[in-house]
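[1] Just to be clear, the model below is a prediction. Sequence and coordinates:
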Amino acid sequence: MGRIRVVFIWALISLGILAVITLPINLQTQLIASITVVTLMAIIKILRAQEIWRLIALAFGTAVVLRYVYWRTTSTLPPLNQLENFIPGFLLYLAEMYSVAMLALSLFVVAKPLPQRSSRAADLKHFPKVDVFVPSYNEDAALLANTLAAAKGMDYPADKLVVWLLDDGSTAQKRNSDKVLESRAATLRHEELQALCRDLDVRYLTRARNEHAKAGNLNNGMQYSDGDLIAVFDADHAPARDFLKETVGYFEDDPKLFLVQTPHFFLNPDPVERNLQTFEKMPSENEMFYGIIQRGLDKWNAAFFCGSAAVLSRKALQETDGFSGLSITEDCETALALHSRGWNSVYVDKPLIAGLQPATFASFIGQRSRWAQGMMQILRFRFPLFKGGLTIAQRLCYMSSTLFWLFPFPRTMFLIAPLFYLFFDLQIFTASGGEFLGYTLAYMLVNLMMQNYLYGSFRWPWISELYEYVQTVHLLPAVVSVILNPRKPTFKVTAKDESVLVSRLSEIARPFFVIFGVLFVGLIVSIYRFYAEPYKADVTLVVGGWNLLNLILAGCALGVVSERGEKTATRRVKISRRCDFVVDGQHYPASIENVSAQGARIQAFQFETHGVAIDTMGAIRFKSSGSEVEEELPVAIRNLQDSGDVASIGCRFVPTAARHHYLVADLIFANSNQWSDFQLARRYNPGLLKGTLWFLGLAFYQTSRGLIYLVKGIRTRPEAQQ
């Protein structure tokens, strides 16, 4: 009876909503209703009302969206007998309905996400055996040394922890290749990494052939290991000391738990952040996923494996014969398979690893293309909506995660739709200027406000649109190719530790300038038509405004593809740590101010810089985490600044023994709290108005910067050819 009552109540509510959104009203009433809803949502937001009031505001917004969908469906499509108008008009309609569907799925997933879980480190009593897998393909030994040392240095009983380097770059197939250079490189890498693993006391493992990419590499590691749990870290993802203590305890709570996933935190900005210079002041793009969406998925037992920074149950993986490898996104596919078998997952929203993002825009697009194509493969091969064993909520969550990567299609349609009218006078959206204000503009405002409600402190206004646009240009053909041939994509490793030595345009920047030029011509045409056709002024004003918005996004993207010169991809991490600076046997009290994978900056007291040469060898003497014994880390002096009693010294690490790698890893990665503090310092909500004004200023500056880079590139090209 209880279930029947719930169904009956929901049926009544649905009928009531249906009656409201289909109620025939005139345009004036619609305008008043839209203004009222927007005002109420703004008041609730200004008052910072939470819990039920937040849900009420979202409900108000949903009503406006549904009203728009009804009006858009019944009143705005071109006549079917006018195919030149109907076809592009219907494609635009489908793009909008996709956006509405994704908004609905987002509301379901994150309207009320789980709160952050409290720390488990102090409560851990049971210590299961853990195998740590670090899969590698073409990464440098220095990068791997930091990750392996950090993994080996985790605060966990030594007899319960085994670290494995799974080297797919030195397989027997490569070492025995007929290509001499490839064979020689693989053999040298094999010997170098074996020696590194011996020095660090970790296990080295390779295999005969590169089969099934990363999934195959991980499954090969499972055959040679026997730990109860498996922790996976990408080659450039180094864990904090408390990683295992914060994660393994959940497996004792739930015998059906297969995954504890933690967020991916990055020491360096992605190319968008680096070129726009927003890394220090605005939340990173991935924080919306790891800070809100994964917590929302966790509420429905649908948080999924992200390929790294996670602990998995060996018993669960054995049920599916290891990691799934049908798609090139083995992580999400593996989680889908295990969720469908009744296993559970947990998401711990605390950054416990630090990694590197692609430094160049081309590598960034390559990474996102792999994600998009992998999710499309899952959609084609596993179609989560009809996947047996999943709950209804899990089906919706996985559909949300996979369908998201179809965004290049609607984003392309939104980009070119105004041009159909401006260039060809096609009527693909039949509505007056007043109807646009009453329905479309209200829908757009409410949509922005709902996004601000859901993601305000994690995603500033218009940033999602910018990220989608800069990816769409190159992701669209990638997504189309995998839809037509889902078995075609192959796993490609994302480049690690790149750098852009000189400022330049990205090698894949040309389409962005072409699109900007076309949109600019569209702006000129809209101004001309506004004055030349006054009887269409209201429609021209609306379409011209739409094109102008696209032009602003396209202009900001010119700054994204204008690569700023930077010597290294590794960012310096601010720390405060007491030490002694040792030179020529003399000890000077000092503090470490910041550190990177290559070196550190030190403030040394009573250190006399006169007569000290660059590249003079010295050492930093300090206590590593959890130790009472001081140890020395060799360094070479790179630069000096004397300020009275205090000297600022830039140093380069010169590790000569395995223990030195542990000390470097301890300085950079041991303390996870520093990463949380950095994230929290960037998380605040500027609001729609202030955020929009900020974005307009950013777009204007980046447009001019991009055009300057273009002019410089054109000027230097003839010189280079001479």
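    Here it is on my side, so go on. A quick note: this is a predicted structure, and the numbers were derived from the prediction, not measured.

[2] residue at max distance from the center of this protein?
    Computed with CA atoms, centre = their mean, the residue of the chain farthest from its C-alpha average is residue 611, at 47.8 Å.

[3] Can you classify residue 178 by secondary structure?
    coil (DSSP: H, G, I helix; E, B strand; the rest coil).

[4] Burial check on it, number of neighbours?
    Around residue 178 there are 6 other residues, counting by other CB atoms under 10 Å. Heads up, the C-betas are built off the backbone N, CA and C, glycines and all.

[5] any idea how far it lies from residue 168?
    19 Å (CB to CB, to the nearest Å).

[6] same question, residue 226
    Remark: distance between residue 226 and residue 168 (CB to CB) = 21 Å.

[7] Compare neighbour counts for those two and give me the winner.
    More crowded of residue 226 and residue 168, by other CB under 10 Å: residue 168, with 23 against 10.

[8] who are the neighbours in contact with the residue nearest the centre of the chain?
    For the chain, residue 286 is the residue whose C-alpha lies nearest the centre (CA atoms, centre = their mean; 3.0 Å). Contacts here follow CB atoms under 8 Å, 6 or more residues apart in numbering; on that basis residue 286 touches 263, 264, 266.

[9] For it, give me the pLDDT.
    The model reports residue 286 with a pLDDT of 91.

[10] next one: residue 683
    pLDDT for residue 683: 89.

[11] how close does it get to residue 237?
    Remark: distance between residue 683 and residue 237 (CB to CB) = 22 Å.

[12] Comparing those two, which residue is more hemmed in?
    Higher neighbour count among residue 683 and residue 237: residue 237, with 23 against 13, using other CB under 10 Å.

[13] and that one, how far is that from residue 134?
    8 Å.

[14] residues shared between the contacts of the two?
    residue 147.

[15] Would you mark the buried spots in the longest strand seen in the chain?
    In the chain, taking DSSP state E as the definition, the longest strand is strand 630-643. By 16 or more other CB atoms under 10 Å, the buried positions in strand 630-643 come out as 631, 632, 633, 634, 635, 637, 640.

[16] which helices and strands does that strand pack with?
    Where contact means 3 or more CB pairs under 8 Å, 6 or more residues apart in numbering; DSSP states H and E, strand 630-643 is packed against strand 573-583, strand 599-605, strand 617-623, strand 646-653, helix 658-669.

[17] Now mean pLDDT too, for these, in a markdown table please.
    Shown next, in a markdown table, are the helices and strands packed on strand 630-643 (pLDDT from 0 to 100):
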| stretch | mean pLDDT |
| --- | --- |
| strand 573-583 | 89 |
| strand 599-605 | 92 |
| strand 617-623 | 93 |
| strand 646-653 | 91 |
| helix 658-669 | 90 |
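
[18] from the ones you listed, which stretch is densest packed?
    helix 658-669 (a mean of 23; mean count of other CB atoms under 10 Å).

[19] Summarise which helices and strands it is packed against.
    Packed next to helix 658-669, using 3+ CB pairs under 8 Å, 6+ apart, are helix 141-152, helix 180-200, strand 238-239, strand 353-355, strand 573-583, strand 586-595, strand 630-643.

[20] Next, format the ones you listed as JSON lines and append distance to residue 324.
    What follows is the helices and strands packed on helix 658-669, written out as JSON lines (distance: least, CB to CB, whole Å):
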{"stretch": "helix 141-152", "distance to residue 324": "24"}
{"stretch": "helix 180-200", "distance to residue 324": "27"}
{"stretch": "strand 238-239", "distance to residue 324": "24"}
{"stretch": "strand 353-355", "distance to residue 324": "23"}
{"stretch": "strand 573-583", "distance to residue 324": "35"}
{"stretch": "strand 586-595", "distance to residue 324": "38"}
{"stretch": "strand 630-643", "distance to residue 324": "42"}
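
[21] So for residue 618, what's the nearest residue that isn't a sequence neighbour?
    Nearest residue to residue 618, sequence neighbours excluded (CB to CB, 6 or more residues apart in numbering): residue 583, at 4.2 Å.

[22] Show the contacting residues for residue 86.
    By CB under 8 Å, 6+ apart, the neighbours of residue 86 are 77, 78, 79, 80.

[23] any idea how far residue 304 lies from residue 375?
    In this view, residue 304 and residue 375 are 11 Å apart by CB to CB.

[24] and for the two, which residues touch both?
    With CB under 8 Å, 6+ apart, residue 304 and residue 375 have common neighbours 332, 401.

[25] Check which helices and strands the helix or strand harbouring residue 422 sits against.
    In this assignment (DSSP states H and E), residue 422 forms part of helix 408-424. Packing partners of helix 408-424 (3+ CB pairs under 8 Å, 6+ apart): helix 83-110, helix 463-484, helix 510-532, helix 537-560.
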